[in-house]
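J.: would you be able to build a 3D model of this:
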Amino acid sequence: MRDQDSIILNWTGDIQKPVVSILCDTFNHEGFIKETLEGFLKQETTFPFEIIVHDDASKDATPAIVKEYAERYPLIIKTVLQKENQYSQKINFWSDVTFPMAQGKYIALCEGDDYWIDELKLQKQVDFLENNPDYVITWTDFYTRKGSELVPNDFKESLPAVYTVDFDTLFKPYCTYTLTSLFRKEAVDPLDYKKFKYGKDNTLYALALCHGKGAFLNFQAAVYRWHPGGVYSLKTPFFQRYSSYQNIKEILEKIPQARTKNIKGVMASLLKASAFEALKLRKNEEFKNIEEPQLAIDEFLDKAGLSLKLKYLWRYIKLNI
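T.: Take a look at the predicted model:
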């Protein structure tokens, strides 16, 4: 572990007012959280930052590990250790809990099972936003970790050093992952976020992009950990796609700036994928009393052209023979 005094000595300015607030949500991450916190603490910056860790009533040793780090770094780490699980009550951690606590000009997000590997990540992102006032949010490249294997993206070859993200390019490609995001706090009002029934990280990005451009900075700064215990990875492919469809559909309905050809195309693609995945669930007894698959099918068929309907019906026949 780094010594707290050595971190503070690297900062200039008033250490009582952080420039960046790192918000970290964690749940049952005892095998990962140390690496996450170490990635934060290893950041080399010319400015102070704070780390706000929210543990959602973990049933393993995660709270004890978080408390240990908070006691070692009391000037840097703040904690919220829940006694009752908030996710099950559909409470959004960052907008309802950690965001209101944040004192920084900038907000960085990273969940407790992901981690940072570039010690200059925060410095590079803050420098970019300080020098480019028309931009409000940034992301970076990352690896995906599956077991011990680190799998790179192709962004290094396919995207420029700085790739501008707006409503015409958002999700094309999907390079805007939460673990690398850093944005201006003033660009997002958590009260606006709470108006969304199907709010996700994409909603946060869309709200930010209403106030300026986004930038994907093409350097590898983090590791996205794929593991069976991940909340999202436990969902079926249908529910992954359909929840994303509902999210994008709501963004289109509530954010006029998002009504671009690009976002409409993303929404249509997600609805199509949801409908085809729903077909695979029809023989599964577990899903017979769940209405979402049929809703996805009905909406898709209502909007699809004749050729796509025929292709879909042919797939239905093949699966039911």
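J.: pLDDT score assigned to the nearest residue to residue 245 once chain neighbours are set aside?
T.: With C-beta to C-beta, 6 or more residues apart in numbering as the criterion, residue 245 has its nearest non-adjacent residue at 3.8 Å, and that residue is residue 270. Any C-beta I mention is one placed from the backbone N, CA and C, and that applies to glycine too. For residue 270, the pLDDT comes out at 96.
J.: am I right that residue 270 is in a strand?
T.: No. Residue 270: not assigned to a strand; according to DSSP: H, G, I helix; E, B strand; the rest coil it is helix.
J.: contacts only, for it.
T.: Residues near residue 270 by C-beta atoms under 8 Å, 6 or more residues apart in numbering: 241-242, 244-245, 248.
J.: now rank those residues by neighbours and give me the top one.
T.: Neighbour counts for the contacts of residue 270 (other C-beta atoms under 10 Å) peak at residue 248, which has 26 neighbours.
J.: any idea which element the closest residue to that residue other than its chain neighbours lies in?
T.: Of all residues not flanking residue 248 in the chain, residue 267 sits nearest, at 4.5 Å (C-beta to C-beta, 6+ apart). Secondary structure from DSSP states H and E places residue 267 in helix 261-279.
J.: what separates that helix from the chain centre, distance-wise?
T.: Computed by C-alpha atoms, centre = their mean, to the nearest Å, the chain-centroid distance of helix 261-279 equals 20 Å.
J.: one more: stretch 189-200?
T.: Centroid separation for stretch 189-200 versus its chain: 14 Å, with C-alpha atoms, centre = their mean.
J.: ok, now stretch 180-192?
T.: Remark: stretch 180-192 is offset 12 Å from the chain centroid, using C-alpha atoms, centre = their mean.
J.: now do the buried residues in that stretch.
T.: Neighbour-count burial for stretch 180-192, counted by 16 or more other C-beta atoms under 10 Å, picks out 180-185, 187-188, 190, 192.
J.: can you list those residues in CSV and add secondary structure, pLDDT and distance to residue 223?
T.: CSV is the format used below for these (DSSP: H, G, I helix; E, B strand; the rest coil; pLDDT from 0 to 100; distance: C-beta to C-beta, whole Å):
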residue, secondary structure, pLDDT, distance to residue 223
180, helix, 98, 10
181, coil, 98, 15
182, strand, 98, 16
183, strand, 98, 20
184, strand, 98, 25
185, helix, 97, 25
187, helix, 97, 26
188, coil, 95, 25
190, helix, 90, 27
192, helix, 92, 31
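J.: export the residues you listed to a markdown table and append columns for distance to residue 116.
T.: Listed next are those as a markdown table, based on distance: C-beta to C-beta, whole Å:
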| residue | distance to residue 116 |
| --- | --- |
| 180 | 8 |
| 181 | 12 |
| 182 | 11 |
| 183 | 16 |
| 184 | 20 |
| 185 | 20 |
| 187 | 22 |
| 188 | 21 |
| 190 | 24 |
| 192 | 28 |
